[in-house]
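1. Just the structure for this:
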Amino acid sequence: MALIVPSSYPVQGIFYMFAHPSLFKNLICPIFITILWGIAVFIFGFAYLLKLQAHALISVNCPAAVAWIVCIIFVLLEVAVLSLLFYLIILPIYEDSLFDRTLKLRGLRHVLKANEGNDMAKCMRGVGGGLWILLFQILVLILTFPLNLIPILGQVIFIAINGWVLTFGYRFHYDAEIRNITILQSRREAWARRSEFSQFGSAAFGLQMVPLANLLFAWTNIVGCALWVADEIERDEARLQSEQSSHSLIGPDNQVGTPLPTPYQSGNQYPPQQFQQSQQQYPMKEQSYPPQGPPAGNPYSQQGSVRIPPKDKKQTGLEY
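-> From the prediction side, this is the model:
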């Protein structure tokens, strides 16, 4: 498994997105909708707001020429702000879709399927948490902006803090709608892993500060975050598989990693009652259970140890 370096994933996201053109489909719809919204706001602004604002300035003895020029600038700013706000509102919806599509391309479709269901609850948790995180991002951005007045060191701190918040927002969809954890649990984990989150977020935040190109980097950062999560999932699955293999039972005719059949498995010829009777009638010479007796489940699976049934069929009356 390759070493996970969080700060490298924003750059990996750029190359991965261009290597998989299907991911660009998630950009078409929000950009198209935002353009339509901008055109509608532009028409409404110059058809209605321009005259309203110009007449208001003229009514307070402002020169007509100055009033019209100032109002044209105001309308353009209003169109830009309203379009940006609309884009920021619909962006999380398509960001989540891009995140999921990236996981599918990485072969982790089973992770998404395993967490399907309760869509309404997940949606409410995702929307509520997303709005909270958006307000939190704006608040932190405003409070930390004065740090830019400090040369170099202040800017580094500013990027690190806002990068941590940015990463928290990127990963919240994975936490809330795939892992099914609350926003409080997600925040605690983000704080516990603040070093990793700040590394990824600093690189992602730096890319989003590039003029014009930040419109693309806002999407590639999502892909990079999904790649980061995918590597973590694959690492955890590999570790779990390794642990399961190390705890598997090894029988005389079984290969490593294949558990032995037990009386509680379906298709076994001995039901649990008959198995208990056979134990009483033909007790084992070497008792392998603790003093309190075998557990209620599998008599050969004691937690923390490996149990191998005796080879002598006459002692137990069982066939293996």
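2. Please report how far the residue of the chain most remote from its centre lies from Ala67.
-> Ranking residues of the chain by C-alpha distance from their mean position (CA atoms, centre = their mean) puts Asn61 at the top, at 56.8 Å. Separation of Asn61 from Ala67 (CB to CB, to the nearest Å): 10 Å. (C-beta placed from N, C-alpha, C; glycine too.)
3. Quick one: residues contacting the residue nearest to Arg179 when sequence neighbours are not counted.
-> Distances taken as CB to CB, 6 or more residues apart in numbering put Asn115 closest to Arg179, at 7.3 Å, once the chain neighbours are dropped. Taking CB atoms under 8 Å, 6 or more residues apart in numbering, we find Asn115 in contact with Glu177, Ile178, Arg179, Asn180.
4. ok, which stretches of the stretch 1-150 of the chain are helices?
-> When secondary structure is read from DSSP state H, counting those that start in this stretch, the stretch 1-150 of the chain shows helices at 9-19, 25-44, 50-59, 64-105, 109-114, 119-144.
5. Counting neighbours, which bits of the shortest one end up buried?
-> Read that as helix 109-114. In terms of neighbour count (16 or more other CB atoms under 10 Å), helix 109-114 has its buried residues at Val111.
6. For that helix, name the packing helices and strands.
-> The contact analysis (3 or more CB pairs under 8 Å, 6 or more residues apart in numbering; DSSP states H and E) places helix 109-114 against helix 64-105.
7. report the angle between the axes of the helix it packs on and helix 50-59?
-> 140 degrees (axes from the mean of the first three to the mean of the last three CA atoms, to 10 degrees).
8. Can you list the low-confidence ranges for the stretch 201-320 of the chain?
-> Low-confidence regions of the stretch 201-320 of the chain, defined by pLDDT under 70, span residues 248-320.
9. Point out where the stretch 1-150 of the chain drops to low pLDDT.
-> For the stretch 1-150 of the chain, the stretches flagged by pLDDT under 70 are 1-2, 116-130.
10. Is Pro151 part of a helix or strand, or is it coil?
-> Of the three states, Pro151 takes coil under DSSP: H, G, I helix; E, B strand; the rest coil.
11. what number of residues lie near it?
-> 7 (other CB atoms under 10 Å).
12. ok, now Met17?
-> Neighbours around Met17, by other CB under 10 Å: 24.
13. try Gly13
-> Gly13 is flanked by 26 other residues according to other CB under 10 Å.
14. Apart from its neighbours in sequence, what residue is nearest it?
-> Gly224 (2.7 Å).
15. Correct me if wrong: that neighbour contacts Pro6.
-> No - counting by CB atoms under 8 Å, Gly224 stays clear of Pro6, with 9.4 Å between them.
16. Compare neighbour counts for these two and give me the winner.
-> With neighbours defined as other CB under 10 Å, Gly224 and Pro6 compare such that Gly224 has more, 28 against 22.
17. Check the spacing between the more buried one and Ile159 real quick.
-> From Gly224 to Ile159 the distance is 16 Å (CB to CB).
18. for the residue nearest to Gly13, what are its contacts?
-> Contact analysis of Gly224 by CB under 8 Å, 6+ apart lists Tyr9, Pro10, Val11, Gln12, Gly13, Ile14, Tyr16, Phe200, Ala204.
19. change it to 7 Å
-> Residues near Gly224 by CB atoms under 7 Å, 6 or more residues apart in numbering: Tyr9, Pro10, Gln12, Gly13, Ala204.
20. how near is the third one to Val210?
-> Spelled out, it's Gln12. Distance, Gln12 to Val210, using CB to CB: 17 Å.
21. okay, the two: which has more neighbours?
-> Higher neighbour count among Gln12 and Val210: Gln12, with 16 against 11, using other CB under 10 Å.
22. Need the phi and psi values for Arg106.
-> phi -80, psi 0 (degrees, to the nearest 10).
23. For it, which residues are in contact?
-> Listed by CB under 7 Å, 6+ apart, the contact set of Arg106 reads Ala230.
24. how near is it to Ile90?
-> Plainly put, Arg106 is 25 Å away from Ile90 if you go by CB to CB.
25. and what of Glu177?
-> Distance from Glu177 to Ile90, by CB to CB: 17 Å.
26. And the two? Which one has more around it.
-> Glu177 (22 against 14).
27. Check the spacing between the more buried one and Ser22 real quick.
-> For Glu177 relative to Ser22 (CB to CB), the value is 22 Å.
28. what does Arg188 give?
-> Remark: distance between Arg188 and Ser22 (CB to CB) = 35 Å.
29. cool, Leu212 as well?
-> Leu212 is 24 Å from Ser22, by CB to CB.
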